[in-house]
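1. Take this sequence and fold it.
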Amino acid sequence: MISAIGNNVAENRVSLVKGKCGMSFLEIFHSKFSGRLPVGEIKISTNALKEKLNAYELGITRTTLLALHAIKESLADSQLTHAQISSYDTALIGASTVGGMCLTDEMYRDSQKDTLGSEFLSSYDYGSINMHLQKRYLISGPVNTINTACSSSANAIMYGAKLIRTGRARRAIVGGVDSLAKFTVNGFNALHILSPDICAPFDEDRNGLNLGEGAAFLVLEKESDADGKKIYASLSGYSNVNDAFHASSLSDEGEGPYRAMKDALSSAKLDPVQIDFINTHGTATENNDKVESIAMLRLFGPTPAAFASTKANTGHTLGAAGAIEALYCILNLSEQELYPGLNFKKSITGPGLVPVQSYAKAALTHIMSNSFGFGGNCSTLIFSKA
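-> Sure thing, here's the model as predicted:
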C-alpha cells in the first residue's frame, strides 16, 4: 500500500502505532484550496513515481502510478510466479472513484472542438487503471473495475472472493486507488462536508472530512493454495446492501450500515459478541458518524466492540479507503494490536460512544471493516485471525 502516512505496509504500520496524522496542505497537487484545506497528500511527485516505477508510457496518470506502486509490493509479497499472475484463473478486481479524471484540466481541454486530443484521451475511463495493470502483468483472467463511491474497494475485495468461491478464479488480486483531483476536491467542497481543520471522527464537534490519496492491493487465495506461504488473515464474511435513502447521506436509523454489518456476521457465521474490533467508516461528517454509531448500538447493544476510524491518519481516500482499511485490519490481526483514533475529545450527544484512544496490544480474533458510499452503498468485511 501507499498512503499519506507511509509508502509501504511497514511504514503505514509504524505510523499507526505512533498515532501519526498524515494531514497537511497541498504541495504536489495544485488547487485554489492550497493552503486552506488539509488533505492526506502523498509527498512524492508524479514524475518521481514514474522514475521509481520505470513507468513512462504515454497517458499514464498519477492514479495509475499509485496503483502500480501498491500492486508491485503486493505481488512481490504474494510469492506468485509470473505464470500464475498471467494465468487465465487469476482475476484482477480494482476500484476507483476518480480514475483518470484526476487530470481534470486535461480532460476539459480535450473536450474542446479545436484540439486534436492529448496523450491522456484513453486515460479518463475508470477502467484505464486496470487496463494498464492488465497489460503490464499480462493478466489474462477476469478483469473488472468497481465504482461504488467510498465502498468501491471493499466491494472489489468481496467480488474477488466470490469469484474464487464460485470457481470462476483460483486467486484474485483485489484493491483500490484514488489520487487527489479537482474533480473530487471541488465536488466535496460543493457538498459543504470538507473540514477546514484536521478531521475528528466521532467527536461531538466534528465538522467534516479531509480528503486523501492512496492505494492498496492484496492477494486472495484459497487456503489450500496458500500452503507454505505467510497467511496474514482470512476473509471470513462480507455483505453489501443499499439503504436507498439519499444520494449522499444515510438514513437516521442507520438501516444500511446495520444491515451490512448484520449480514456480514451471518456470512461469517459469527455473533456480534465475537467481533473484537471495528474499523469504522468514520468520515467525521455530521451524518456518517452519528448514523454509524446508531447502527453499532442497534446491532451490538449498549457496549459495542472497540472501534476507531483511521481516516484521521490518511484522510478519506474514497475508492481506495476500503482496501487501505482492510490492510489495517489485517495488521491489527497479524500484529495483535489496536491503533488509536485521533483527535477525539468529546463523544457525540445521544450515542455517546468513545473510540479507542491509545495504542494497545490486544487478543484479536475477528475484526469488522465498514465502508459506506454515496447512494447508500454500504459494505462490511470481516477478517479473522489466520
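2. what distance separates stretch 221-235 from the centre of its chain?
-> Relative to the centre of its chain, stretch 221-235 is centred 22 Å away, using CA atoms, centre = their mean, to the nearest Å.
3. Run through who's touching that stretch.
-> Contacts with stretch 221-235, where a contact means CB atoms under 8 Å, 6 or more residues apart in numbering, come from 77-79, 157, 161, 164, 170-171, 220, 329-330, 333-334, 381-386. (Each C-beta comes from the backbone N, C-alpha and C, glycine too.)
4. quick one: average confidence on that stretch?
-> Here stretch 221-235 scores 93 as its mean pLDDT.
5. buried set for it?
-> 221, 226, 232-235 (16 or more other CB atoms under 10 Å).
6. Export only the CA atoms of that stretch, formatted as PDB.
-> Provided in PDB are the C-alpha atoms of stretch 221-235 (Å, rounded to 0.1, in the frame of the first residue of the first chain):
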ATOM      1  CA  GLU A 221      -6.200 -17.300  -2.400                       C
ATOM      2  CA  LYS A 222      -7.900 -20.500  -1.200                       C
ATOM      3  CA  GLU A 223      -6.300 -21.700   2.000                       C
ATOM      4  CA  SER A 224      -5.400 -24.900   0.300                       C
ATOM      5  CA  ASP A 225      -3.500 -23.000  -2.400                       C
ATOM      6  CA  ALA A 226      -1.600 -20.900   0.100                       C
ATOM      7  CA  ASP A 227       0.200 -23.800   1.800                       C
ATOM      8  CA  GLY A 228       3.700 -22.800   2.900                       C
ATOM      9  CA  LYS A 229       3.000 -19.100   2.400                       C
ATOM     10  CA  LYS A 230       2.600 -16.400   5.000                       C
ATOM     11  CA  ILE A 231      -1.100 -16.200   5.600                       C
ATOM     12  CA  TYR A 232      -2.000 -12.800   7.300                       C
ATOM     13  CA  ALA A 233      -5.700 -13.400   7.800                       C
ATOM     14  CA  SER A 234      -8.800 -15.000   6.400                       C
ATOM     15  CA  LEU A 235     -11.700 -13.100   4.800                       C
END
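7. If we ignore the residues flanking it in sequence, what's nearest residue 208?
-> residue 195 (3.4 Å; CB to CB, 6 or more residues apart in numbering).
8. Please report the number of neighbouring residues for that neighbour.
-> Applying other CB atoms under 10 Å, we find 19 residues neighbouring residue 195.
9. thought it was touching residue 209?
-> Yes. With contacts counted by CB atoms under 8 Å, residue 195 reaches residue 209, the gap being 6.2 Å.
10. what's the burial count for residue 21?
-> Neighbourhood size, residue 21 [other CB under 10 Å]: 20.
11. Does the nearest residue to it once chain neighbours are set aside fall in a helix, a strand, or a coil region?
-> The spatial neighbour of residue 21 that comes closest, neighbours along the chain excluded (CB to CB, 6+ apart), is residue 342 at 5.6 Å. Secondary structure, DSSP: H, G, I helix; E, B strand; the rest coil: residue 342 is coil.
12. Could you name every residue contacting both of residue 195 and residue 209?
-> Listed as contacting both residue 195 and residue 209 by CB under 8 Å, 6+ apart are residue 284.
13. Any idea which residue is closest to the centre of the chain?
-> For the chain, the residue nearest the mean C-alpha position is residue 321 (1.7 Å; CA atoms, centre = their mean).
14. For that one, identify the helix or strand it belongs to.
-> Assessed by DSSP states H and E, residue 321 sits inside helix 321-335.
15. What is the helix or strand that residue 64 is a member of packed up against?
-> Using DSSP H and E, residue 64 maps to helix 62-78. Using 3 or more CB pairs under 8 Å, 6 or more residues apart in numbering; DSSP states H and E, the elements in contact with helix 62-78 are helix 46-53, helix 128-136, strand 171-178, strand 214-221.
16. close enough to count as contact, residue 214 and residue 42?
-> Yes. If you go by CB under 8 Å, residue 214 and residue 42 touch, sitting 6.8 Å apart.
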